[in-house]
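Colleague: mind folding the following:
(chains A and B)
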Amino acid sequence: MADPMRIRAQAAGDKATVRVLMSHEMESGQRKDAAGKTVPAWFIQEVTASHNGKPVLSAEWGPAVSKNPFLQFAVKGAKAGDKIAVTWKDNKGDTRTDEATVS
Amino acid sequence: MKKVTTLSMAVLLALTVVPAMAQKTASQGIDEYRAMLQDGNPAELFEAKGEDLWKKARGPKNASLEKCDLGKGPGVVKGVFVELPRYFADTQRMQDLEDRLVTCMEKLQGFNAAEIAKTPFGRGEMANVTALATWIAAESKGQKFNLSQAHPQEKTFYEVGKRLFFQRGGPHDFSCASCHGEEGKRIRLQDLPILTKNPGDGVGFAAWPAYRVSNGQMWSMQLRLNDCYRQQRFPYPGFASDATIALSTYLGVNAKGAASVAPAIKR
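Modeller: Okay, the predicted model is just below:
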């Protein structure tokens, strides 16, 4: 089971800024271990976000994104009390969804 | 009508450093890069893990750490970080945060302290000690360092730490003071704080544990000191050895009054 994400969503004016920290190894598949064997690629491929259940973001990620990635985006029309859910799915099929309330 | 949603995405941690402009010095460029990293410090992930580990019943005795005495009484977490290392009457020795956590893990949870001390950083229970230290440090964020010098052992460790700080040795004839004893020193682009006096808020001792962006690792103070010795080509000091705790005492007492920013984020 993957570790939880940290999601902060703050409303300001007519939009909310969402900051997400994901806990993931993001192994590029380019590295070799001490024995010289390639470390298999393991990274987040798909990221989606929804605002009160309605999709507002979908992204395709690759192995170039750093370990423990940070993502920031703004959602127009989101107010305090709204729910923001973020989901990632990695190339091994593992997935994690976390939700935060806009403050 | 379809609502238009604007998205501005920034995968900050994957960004490359913006090349320094003609008017800007390289170190200003680096400072900007660091400022960009401040928001979204992955140390938060380790904080969350540490808090969870503190509250969870684990180990052979299936107990949590909530009765652990870090110096301000059983279970008190807030404010302990800025007063460590200190003398503990029950173990009759000077202990820093990590050493004390291992003591609690042995006494309350039944883990083998010697086994943990032998585990390399970032592995097994040692990774858990680092996560716990990260969370406990974060609980004292913004507080000012105020190490006790009341007990004779605390004074002795300060003096020993001071001597170790200036002790030269190894193939490069280095001491801690070679890099951290003068103004304006740096390693590549990292400005080195002067640690013989109070280096100011959130610098030096007041900045660790910290998350290292370049290798994606969470570094505790023990690992920081361990790596300083590696850079000096000294043999590695043992985990929570008297030498590392004496050095921590020296740095901590010198930092008196400096506000802690730990867990920080580093290059």
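
Colleague: how far does whichever strand or helix holds residue B:178 sit from the chain's center?
Modeller: Taking DSSP states H and E as the definition, one finds residue B:178 inside helix B:176-180. In this view, helix B:176-180 has its centroid 18 Å away from the chain centroid, taken as Cα atoms, centre = their mean, to the nearest Å.

Colleague: name the helices or strands packed onto that helix?
Modeller: helix B:152-166 (3 or more Cβ pairs under 8 Å, 6 or more residues apart in numbering or on different chains; DSSP states H and E). Backbone N, C-alpha and C define where each C-beta goes, glycine included.

Colleague: show me what the helix it packs on is packed up against.
Modeller: So helix B:152-166, by 3+ Cβ pairs under 8 Å, 6+ apart, packs with strand B:86-88, strand B:93-95, helix B:176-180, helix B:242-254.

Colleague: that helix: how far from the chain's middle?
Modeller: On Cα atoms, centre = their mean, the centre of helix B:152-166 falls 19 Å from that of its chain.

Colleague: and it with helix B:242-254, angle?
Modeller: 100 degrees (axes from the mean of the first three to the mean of the last three Cα atoms, to 10 degrees).

Colleague: tell me which residues in helix B:152-166 are buried?
Modeller: For helix B:152-166, burial by neighbour count (16 or more other Cβ atoms under 10 Å in any protein chain shown) applies to B:153-154, B:157-158, B:160-162, B:164-165.

Colleague: OK, contacts around residue A:27?
Modeller: A:39-43, A:63 (Cβ atoms under 8 Å, 6 or more residues apart in numbering or on different chains).

Colleague: now do 6 Å
Modeller: By Cβ atoms under 6 Å, 6 or more residues apart in numbering or on different chains, the residues touching residue A:27 are A:39, A:41-42.

Colleague: what does residue B:147 give?
Modeller: B:252-253.

Colleague: looking at the helices and strands packed on helix B:152-166, which one is packed in the most?
Modeller: Sort those by mean neighbour count, taking mean count of other Cβ atoms under 10 Å in any protein chain shown, and helix B:242-254 sits at the top with a mean of 25.

Colleague: what stretches of chain B score poorly on pLDDT?
Modeller: B:1-23 (pLDDT under 70).

Colleague: rerun that using 50 as the cut-off
Modeller: B:1-21 (pLDDT under 50).

Colleague: what do you get for chain A?
Modeller: Using pLDDT under 50, nothing in chain A is flagged.

Colleague: what residues does it have near chain B?
Modeller: A:6, A:19, A:21, A:23, A:56-57, A:65-70, A:72-74, A:76 (Cβ under 6 Å from any Cβ of the partner chain).

Colleague: out of these, which comes closest to residue B:140?
Modeller: residue A:6 (19.7 Å; Cβ to Cβ).

Colleague: follow-up on the earlier one: ok, of the residues of chain A next to chain B, which come out buried?
Modeller: Looks like the residues of chain A next to chain B have A:6, A:19, A:21, A:23, A:56-57, A:65-70, A:72-74 buried, using 16+ other Cβ under 10 Å.

Colleague: filter those down to just the ones in strands.
Modeller: A:6, A:19, A:21, A:56-57, A:70, A:72-74 (DSSP state E).

Colleague: can you report how many residues lie near residue A:53?
Modeller: Each residue near residue A:53 was counted by other Cβ atoms under 10 Å in any protein chain shown, and the total is 7.

Colleague: kindly report the same for residue A:13.
Modeller: Neighbours of residue A:13 using other Cβ under 10 Å come to 7.

Colleague: go on, residue B:69?
Modeller: Neighbourhood size, residue B:69 [other Cβ under 10 Å]: 17.

Colleague: tell me how far it lies from residue B:261.
Modeller: 25 Å (Cβ to Cβ, to the nearest Å).

Colleague: what about the residue of chain A most remote from its centre, distance to chain B?
Modeller: The outermost residue of chain A relative to its centre, with distances by Cα atoms, centre = their mean, is residue A:35 at 31.8 Å. Between residue A:35 and chain B the computed distance is 17 Å (Cβ to the nearest Cβ, to the nearest Å).

Colleague: host element of that residue?
Modeller: Following DSSP H and E, there is no helix or strand that holds residue A:35.

Colleague: just residue B:230 next, same as before
Modeller: Using DSSP H and E, residue B:230 sits in helix B:221-231.

Colleague: who touches that helix?
Modeller: B:98, B:121, B:208, B:236-237, B:239, B:244, B:247.

Colleague: buried sites along it?
Modeller: For helix B:221-231, the neighbour count (16+ other Cβ under 10 Å) marks B:221-226, B:228-229 as buried.

Colleague: one step back: of all the residues of chain A next to chain B, which two lie farthest apart?
Modeller: A:67 and A:76 (30.5 Å).

Colleague: got the contact list for the closest residue to residue A:6 other than its chain neighbours?
Modeller: In space, residue A:6 comes closest to residue A:21 once its chain neighbours are excluded; the distance is 4.3 Å by Cβ to Cβ, 6 or more residues apart in numbering or on different chains. Residues near residue A:21 by Cβ under 6 Å, 6+ apart: A:6, A:70, B:40, B:42, B:44-45.

Colleague: mind running it again at 10 Å?
Modeller: A:4-8, A:68-72, B:13, B:39-45, B:48 (Cβ atoms under 10 Å, 6 or more residues apart in numbering or on different chains).
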